[in-house]
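Engineer: Below are the sequence and a predicted model; questions follow.
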Amino acid sequence: METETVGRLAFVLFILIAVIMGLAAGSLEYVSSAYYDGVRAYVTLIMLVLGIIVGLINITAKELTPFLIAAVALIVATATNVWAPLGVIHPLLYYFATEITHFIVAFTAPAAFLNAIKAVFILEREK
């Protein structure tokens, strides 16, 4: 399998992991489990490491700008607590959405950071 295919499959797999662990952490937070903080911390650390790996091997120069724009949109959506209205329907929906978004951003942010640095070097080289 070529590196590009492996990178794409890894990205999809890591997003799937973020969704599954977001559902698990959200349900732990909903029932006020003592395990919630530990689970969230470990999963966040794992997602950060996976984001660094994918950020280093998966984003090509052609995909750089769209990836950075999408990453900024995800981070802004997380910072604005966009999921708060879901709590009106059922608090569990709010917890699910915020945890899934948290883990996706924990995965995407280090990749965005590394690729932003790469973009700066590319811009500097072009001068």
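Structural biologist: Done, it's in.

Engineer: residue boundaries of the helices in the chain?
Structural biologist: Here the chain has its helices, by DSSP state H, at 3-30, 36-57, 64-79, 86-89, 91-126.

Engineer: now those in TSV, with mean neighbour count?
Structural biologist: The C-beta positions use only the backbone N, C-alpha and C, and glycine is treated the same way. Shown next, in TSV, are the helices of the chain (neighbours: other C-beta atoms under 10 Å):
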stretch	mean neighbour count
helix 3-30	16
helix 36-57	17
helix 64-79	14
helix 86-89	12
helix 91-126	18
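
Engineer: lowest-confidence stretch among these?
Structural biologist: Lowest mean pLDDT within the helices of the chain: helix 3-30, a mean of 82.

Engineer: Quick one: distance of it to the chain centre.
Structural biologist: 8 Å (C-alpha atoms, centre = their mean, to the nearest Å).

Engineer: Let the chain start at 27 from now.
Structural biologist: Fine by me, first position is 27 from now on; the one you just mentioned is helix 29-56.

Engineer: between it and helix 117-152, what angle do the directions make?
Structural biologist: Put simply, helix 29-56 runs at 150 degrees to helix 117-152, going by axes from the mean of the first three to the mean of the last three C-alpha atoms, to 10 degrees.

Engineer: angle of helix 29-56 against helix 62-83?
Structural biologist: Helix 29-56 runs at 170 degrees relative to helix 62-83, counting by the same axes, to 10 degrees.
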